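[1] below are the sequence and a predicted model for it; my questions follow.
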Amino acid sequence: MIAACSGGAGDLIYYIQILKQLSVETIYIKENYYHPPHGNLCQTMKRIMESQGFVVIPTSGAYHLYQFDPALKFDYNLDNFRLQPRRGSRHIMERMAEHFKVNYSFKPWIQNIPDSDLPKPYTIIHLTERWRDGSRVDWRKVLQSITGKIYFTGFQHEWTDFNITAGSVEWLPTEDIYDMAVLINGASAVYCNQSIALTLAQGLGKEYWLDRKPGKRTTLMFTKNEHLL
């Protein structure tokens, strides 16, 4: 079976267990969303999805959401789950599973990710501009509350903004989402907002502290390893 997706990165991580139930082996991923020097969606997701057993093939990002190169032949358009009602009140994986009529579980679903070789213990922080509208979290206080070694992962401009607004931490740049997954897999805790780091922490079963967008429930799992800031 073949699927096609135009993003984003977090959607693909949430889709892993659902794609396996659908017997999907190959995924077309659009070359879109990111700007130099960050590559594109397919490049950044290729290794992590291949590590989960999928064949990843790039396809043009020149088409709108829900639309792909007409020459492509595939069985599932993964973007279509967004057409469901009550988008803001249910977890994304619940909506995906309902759309494709399969089961889902919040038990860790990302497999075969090695541990990082960084000295333990350490904490990972990832904070993006998106999904923080109306947040009242004081990240300077959050940073002061964390003990031990702390690293920031993500784009360089996100790290620069964090150093200005919250405090100085060491930046660990990554080549792609697979590299980020390795860092998170070795961490004792993850502090983040609703970003790709959150989906990785959830998929790996890590302890995480979340700065969620007020009123949004689409990424909340209500599991023991989930803590809201």
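    Noted; the coordinates are in hand.
[2] mind checking how far Leu220 is from Tyr63?
    Counting by Cβ to Cβ, to the nearest Å, the separation of Leu220 from Tyr63 is 32 Å. (C-beta placed from N, C-alpha, C; glycine too.)
[3] same thing with Thr147?
    Going from Thr147 to Tyr63 by Cβ to Cβ gives 48 Å.
[4] next up, phi/psi of Tyr122, please.
    Phi and psi for Tyr122, reported as degrees, to the nearest 10, are phi -150, psi 160.
[5] so it sits against Ala187, correct?
    Yes - counting by Cβ atoms under 8 Å, Tyr122 does reach Ala187; the two are 5.9 Å apart.
[6] those two: who's more crowded?
    Between Tyr122 and Ala187, counting by other Cβ atoms under 10 Å, Ala187 is the more crowded of the two (28 against 18).
[7] give the contact list for that one.
    Contacts of Ala187 were listed using Cβ atoms under 8 Å, 6 or more residues apart in numbering, and they are 116, 121-124, 206.
[8] what do you get if the cut-off is 7 Å, keeping everything else the same?
    Contacts for Ala187 were tallied using Cβ atoms under 7 Å, 6 or more residues apart in numbering; they are 122-124, 206.
[9] also Glu158?
    127-128.
[10] return the distance of it relative to Gln144.
    When distance is defined by Cβ to Cβ, Glu158 is 20 Å away from Gln144.
[11] and if you look at Ile110?
    31 Å.
[12] for the one residue sitting closest to the centre of the chain, give me its contacts.
    Centroid check for the chain by Cα atoms, centre = their mean gives Ile196 as the closest residue, at 2.4 Å. Listed by Cβ under 7 Å, 6+ apart, the contact partners of Ile196 are 9-10, 177, 180.
[13] ok, now how distant is it from Gly10?
    Distance of Ile196 to Gly10, computed by Cβ to Cβ: 5 Å.
[14] one step back: let's have the contacts of Ile196 in JSON lines, adding distance to Ala3.
    Shown next, in JSON lines, are the contacts of Ile196 (distance: Cβ to Cβ, whole Å):
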{"residue": "Ala9", "distance to Ala3": "15"}
{"residue": "Gly10", "distance to Ala3": "16"}
{"residue": "Ile177", "distance to Ala3": "18"}
{"residue": "Met180", "distance to Ala3": "23"}
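[15] most neighbours, which of these?
    The most neighbours, when these are compared by other Cβ under 10 Å, belong to Ile177, which has 26 neighbours.
[16] quick check: that residue touching Glu50?
    No - counting by Cβ atoms under 7 Å, no contact exists between Ile177 and Glu50, whose distance comes to 11.2 Å.
[17] overlap of the contact sets of these two?
    Looking at what touches both Ile177 and Glu50 (by Cβ under 7 Å, 6+ apart), there is no common residue.
[18] hey, what's Ile27 bridged with?
    In this structure, Ile27 has the following beta-bridge partners (DSSP bridges): Ala3, Val56.
[19] that one: neighbouring residues, count only.
    Neighbourhood size, Ile27 [other Cβ under 10 Å]: 26.
[20] all set, thanks.
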